[in-house]
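Participant: sequence isn't available, so here's the structure alone:
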């Protein structure tokens with residue numbers, strides 16, 4: 001009978017929790033909820049972080065009450081106006097376009113410094129009906145399900161010592177919900193995705209779901225883990241218009257500005273803030289000199305082309321009248337006339353070529369003045385539940401969070 005009861009509990013698609021979460025004890029400049037808010041919160045309740053007026057919040061913006069304690073993927077930080085030299089000294093980071101002190105691509109914040117990370121994507125299939133709100137990372141249903149999955153994964157990954165960050169996206173597949181779970185690890189904590197896949201599948205074999213997760217996985221499902229390709233997922237921080245994202249392996253990437261654009265001097269990481277390169281003054285002056293010389297050569301050639309035929313014709317008529325009656329002289333004159341016509345034809349062709357070159361240089365200058373590189377396309381906003389500044393990622397456990405607050 002006892003065995004049968006256990007099976008019945010495991011077969012449920014939803015596990016109900018009724019625990020409440022105590023209010024997080026944070027100190028200014030970080031604020032949690034309203035000053036007059038409750039001292040405890042119900043299951044699935046979402047409470048926001050904020051900062052005192054002169055500071056800005058960087059990192060996760062909310063916490064979710066899950067299984068009797070608040071889950072937050074990233075420890076938030078209240079920052080003053082970012083100064084690059086101070087940011088580089090404090091965490092070895094940089095000031096992004098939003099004025100936030102963050103880590104460079106391929107790094108995550110851990111124990112006050114940006115360190116190498118490995119990003120792994122794990123796909124699981126959940127036996128829960130798809131709802132449209134799962135497609136919007138701002139919805140409460142999305143936030144609750146993401147926190148539920150990440151909290152369960154973090155428990156499994158305790159064997160790896162350090163999990164830096166967790167976030168999720170969902171998609172519909174027939175009658176089930178597919179979860180793409182992204183986890184960042186310290187570079188030394190895992191060998192590769194196979195470690196993550198083995199841990200999750202081992203946990204699933206103990207029951208019909210990952211321990212602590214409220215929804216079952218679909219029957220016979222197996223987790224599939226691979227290195228994250230942030231460029232394909234559009235979760236990179238490269239410039240939206242003129243940045244190029246390049247995967248460099250192990251879930252990391254680098255940014256660069258496309259040809260014809262340059263990196264802003266105010267942002268110290270290539271490819272994160274690209275602008276169209278201005279036309280160099282020296283190049284413009286040089287092309288202007290070339291075109292000026294071309295015009296100076298064209299005008300005398302054109303005048304000679306107009307005057308020389310009339311002069312040549314008069315000269316020819318005088319010679320012909322003086323030597324009329326001589327067949328031999330007439331033949332010589334005919335040959336001279338043909339030579340003269342050939343000379344005129346060559347001069348005309350040279351003038352036409354010069355004219356083409358002039359038009360070409362004028363067109364080139366015009367095109368360069370209006371130069372606008374082709375921006376990135378299909379840059380749709382990705383649907384992962386990540387905060388505005390995903391590179392400032394600590395995703396420490398709540399134990400570490402409470403420890404930092406107590407210090």
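Facilitator: That came through, no problem. Treat the numbers as computed from the prediction; the structure is a model and nothing was measured.
Participant: please make it C-alpha for all contacts and neighbour counts, starting now.
Facilitator: OK.
Participant: make sure I have this right: residue 144 is in a helix.
Facilitator: Yes: the assignment for residue 144 (DSSP: H, G, I helix; E, B strand; the rest coil) places it in a helix.
Participant: is it true that it touches residue 62?
Facilitator: No: contact between residue 144 and residue 62 fails when scored by C-alpha atoms under 8 Å: they sit 10.8 Å apart.
Participant: overlap of the contact sets of the two?
Facilitator: Common contacts of residue 144 and residue 62 (C-alpha atoms under 8 Å, 6 or more residues apart in numbering): residue 46.
Participant: sec struct for residue 262, please.
Facilitator: Looking at residue 262 with three-state DSSP, the answer is strand.
Participant: from residue 276, how far out is it?
Facilitator: From residue 262 over to residue 276 the distance is 6 Å, taken as C-alpha to C-alpha, to the nearest Å.
Participant: before we move on, what about residue 117?
Facilitator: Residue 117 is 32 Å from residue 276, by C-alpha to C-alpha.
Participant: okay, these two: which has more neighbours?
Facilitator: residue 117 (25 against 17; other C-alpha atoms under 10 Å).
Participant: quick check: the more buried one vs residue 138, distance?
Facilitator: 27 Å.
Participant: with residue 243 instead?
Facilitator: Counting by C-alpha to C-alpha - residue 243 and residue 138 are separated by 26 Å.
Participant: more neighbours, those two?
Facilitator: Set side by side, residue 243 and residue 138 show more neighbours around residue 243, with 25 against 14, by other C-alpha under 10 Å.
Participant: so what's that one up against?
Facilitator: By C-alpha under 8 Å, 6+ apart, the neighbours of residue 243 are 255-258, 271-274, 376.
Participant: between those residues, which is closest to residue 183?
Facilitator: residue 255 (21.1 Å; C-alpha to C-alpha).
Participant: what lies in contact with stretch 150-168?
Facilitator: Contacts of stretch 150-168 (C-alpha under 8 Å, 6+ apart): 66, 71, 73-74, 108-110, 146, 179-186, 189-190, 196, 199-200, 203, 210-213, 384-386, 393-397.
Participant: tell me which helix or strand of this structure sits lowest on mean pLDDT?
Facilitator: helix 2-11 (a mean of 36; mean pLDDT, DSSP states H and E).
Participant: quick check: the closest residue in space to residue 184 that isn't next to it in sequence vs residue 229, distance?
Facilitator: Nearest non-adjacent residue to residue 184, counting by C-alpha to C-alpha, 6 or more residues apart in numbering: residue 119, 4.5 Å away. Remark: distance between residue 119 and residue 229 (C-alpha to C-alpha) = 8 Å.
Participant: give me the common contacts of these two.
Facilitator: 251-252.
Participant: for residue 179, which non-adjacent residue is closest in space?
Facilitator: In space, residue 179 is closest to residue 170, 4.7 Å off (C-alpha to C-alpha, 6+ apart).
Participant: need the mean per-residue confidence for the helix or strand that contains that neighbour.
Facilitator: Under the criterion of DSSP states H and E, residue 170 resides in strand 163-173. For strand 163-173, mean pLDDT is 88.
Participant: ok, then the element right after it?
Facilitator: Taking DSSP H and E, what comes next after strand 163-173 is strand 176-186.
Participant: give me the residues contacting that following strand.
Facilitator: Outside of strand 176-186, the residues within contact range by C-alpha under 8 Å, 6+ apart are 115-130, 150, 162-172, 218, 228.
Participant: three-state assignment of residue 134?
Facilitator: If you use three-state DSSP, then residue 134 falls in the helix class.
Participant: the spatially closest residue to it that is not a sequence neighbour and residue 99, how far apart?
Facilitator: In space, and not counting its chain neighbours, residue 134 is closest to residue 142: 5.0 Å by C-alpha to C-alpha, 6+ apart. The gap separating residue 142 from residue 99 is 28 Å, by C-alpha to C-alpha.
Participant: between those two, which has more neighbouring residues?
Facilitator: For residue 142 versus residue 99, the count of surrounding residues by other C-alpha under 10 Å is larger for residue 142: 22 against 17.
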